[in-house]
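*Asks:* fold the following, please.
(2 chains)
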Protein chains: 2
Amino acid sequence: MSRLIDELKKLPGVGTKSAQRFAFHLLRSSDEDAAALADAVRELKASLRLCSICNNVTDVDPCAYCSSPVRNQRLICVVEEPTSIASVERTRNYMGVYHVLHGTLSPLHGVGPDQLRSANLLSRVERGEVDEVILATSPTLEGEATASWLATALRSSALRDHAVKITRIATGVPAGSDIEYADEVTMSRAMEGRREL
Amino acid sequence: MSRLIDELKKLPGVGTKSAQRFAFHLLRSSDEDAAALADAVRELKASLRLCSICNNVTDVDPCAYCSSPVRNQRLICVVEEPTSIASVERTRNYMGVYHVLHGTLSPLHGVGPDQLRSANLLSRVERGEVDEVILATSPTLEGEATASWLATALRSSALRDHAVKITRIATGVPAGSDIEYADEVTMSRAMEGRREL
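*Replies:* Here you go, the predicted structure:
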């Protein structure tokens, strides 16, 4: 019992009290229910893996995006985490594919270029399989550093006779928000990034 | 006394209780202090006016921006309110001038193109005095409608032999924020507005 409580406490936001409640609930529930939970947890790790093309979390390899015939496989949106894909998908008008880095450069936490999963992206570019790479890491310190490092790496991987377009998502005032609430860095970027109408 | 309380209650966020407190404070304070407040209120309206060039609130006409020799008088940033100028100034790297519309198009509140102060901007463009107009209205419904209407009006005012560049500030993910927290409209605009590195 106390072993289960210790394991449950490792879940995010679960303290001793909640863990005890979960454990007693499992104690009271049927053998089948408890077995089903145990199997589901085990299966998750057994069936989920990373897509060999884009590093997205998937149960089939290549993932649904990388094997989609309706998506433009030559347009790649680079994101930090598998969960970031949802942000881009919500826009409902992106029809390219993804590449997941699984992190950002962060020297203080010991994350250098070698810890990021970029090798399979660079080799796709080397083989001339890519027309455009959209760097959609967050406009945070780490995200910007990662975008800037990756842009350089992509440029040096690109074939001489097949230039790859490297773009960065816009930083600016969020839609629906008043410019009076924009901080100075955001407002600076919104002015720099102004587009001709 | 009750006349003063009624007048004080017209200030934003001041109710009967606060107004009474202010009134009693004035009653207790010296004659000079009360007279100084009365004079300051009267003087505000007497000395402040709108700049005849840009409609900014100013005590001298033309305002400090429009008469500045170090600012580019041919680059104009259009904002909704005089207070919006502070947002752009905080970036510390804008060296053009401003134009204040004093509002946004809002048909529901009876604000049409005629209610906005755009005539002096359009005539500057007609006289060929302007190289670029940056539309820095907020990326809200009203702000976008205003930018779109003004872009058309500016284009039809421009001289045939002197094209005016009309630009819009970037809408996108705010600096320092994670793309996972961006709503879908903002993320869409960030993707559309991506820039080549």
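
*Asks:* what does the residue of chain A most remote from its centre show for phi and psi?
*Replies:* Distance from the C-alpha centroid of chain A, by Cα atoms, centre = their mean, peaks at A:Arg28 (38.7 Å). When read as degrees, to the nearest 10, the backbone of A:Arg28 gives phi -80, psi -30.

*Asks:* ranges for the helices of chain A?
*Replies:* Here chain A has its helices, by DSSP state H, at A:2-8, A:16-28, A:31-47, A:84-89, A:119-126, A:141-157, A:184-192.

*Asks:* out of the ones you listed, nearest to chain B?
*Replies:* helix A:184-192 (4.0 Å; Cβ to the nearest Cβ). From N, CA and C alone the C-beta is placed, and that goes for glycine too.

*Asks:* does any bit of that closest one sit next to chain B?
*Replies:* Yes: using Cβ under 8 Å from any Cβ of the partner chain, helix A:184-192 reaches chain B at A:184-192.

*Asks:* pull the number of nearby residues for the residue nearest to A:Pro174 when sequence neighbours are not counted.
*Replies:* Nearest non-adjacent residue to A:Pro174, counting by Cβ to Cβ, 6 or more residues apart in numbering or on different chains: B:Thr186, 4.4 Å away. A total of 26 residues lie near B:Thr186 under the criterion other Cβ atoms under 10 Å in any protein chain shown.

*Asks:* look up how far B:Lys9 lies from B:Thr186.
*Replies:* According to Cβ to Cβ, to the nearest Å, B:Thr186 stands 40 Å off from B:Lys9.

*Asks:* what do you get for A:Pro82?
*Replies:* Shown here: A:Pro82 relative to B:Lys9, a distance of 56 Å by Cβ to Cβ.

*Asks:* of these two, who's got more company?
*Replies:* Set side by side, A:Pro82 and B:Lys9 show more neighbours around A:Pro82, with 18 against 15, by other Cβ under 10 Å.

*Asks:* and chain B, is the longest strand seen in chain A touching that?
*Replies:* Secondary structure of chain A per DSSP state E: the longest strand is strand A:72-79. Yes: residues of strand A:72-79 contacting chain B under Cβ under 8 Å from any Cβ: A:77, A:79.

*Asks:* can I see the domain layout of chain A?
*Replies:* A:2-47, A:70-192 (automatic domain parsing).

*Asks:* for the ones you listed, state which one has the densest average packing.
*Replies:* Among these, ranked by average contacts under mean count of other Cβ atoms under 10 Å in any protein chain shown, first place goes to domain A:70-192 (a mean of 18).

*Asks:* so how far is that one off the chain centroid?
*Replies:* Remark: domain A:70-192 is offset 10 Å from the chain centroid, using Cα atoms, centre = their mean, to the nearest Å.

*Asks:* what's the span of that domain from first residue to last?
*Replies:* In domain A:70-192, first residue to last residue: 35 Å (Cα to Cα, to the nearest Å).

*Asks:* for it, give the mean pLDDT please.
*Replies:* Here domain A:70-192 scores 92 as its mean pLDDT.

*Asks:* so what's the most centrally placed residue in chain A up against?
*Replies:* Centroid check for chain A by Cα atoms, centre = their mean gives A:Glu81 as the closest residue, at 2.0 Å. With contact set as Cβ atoms under 8 Å, 6 or more residues apart in numbering or on different chains, A:Glu81 has these partners: A:100, A:102-103, B:180.
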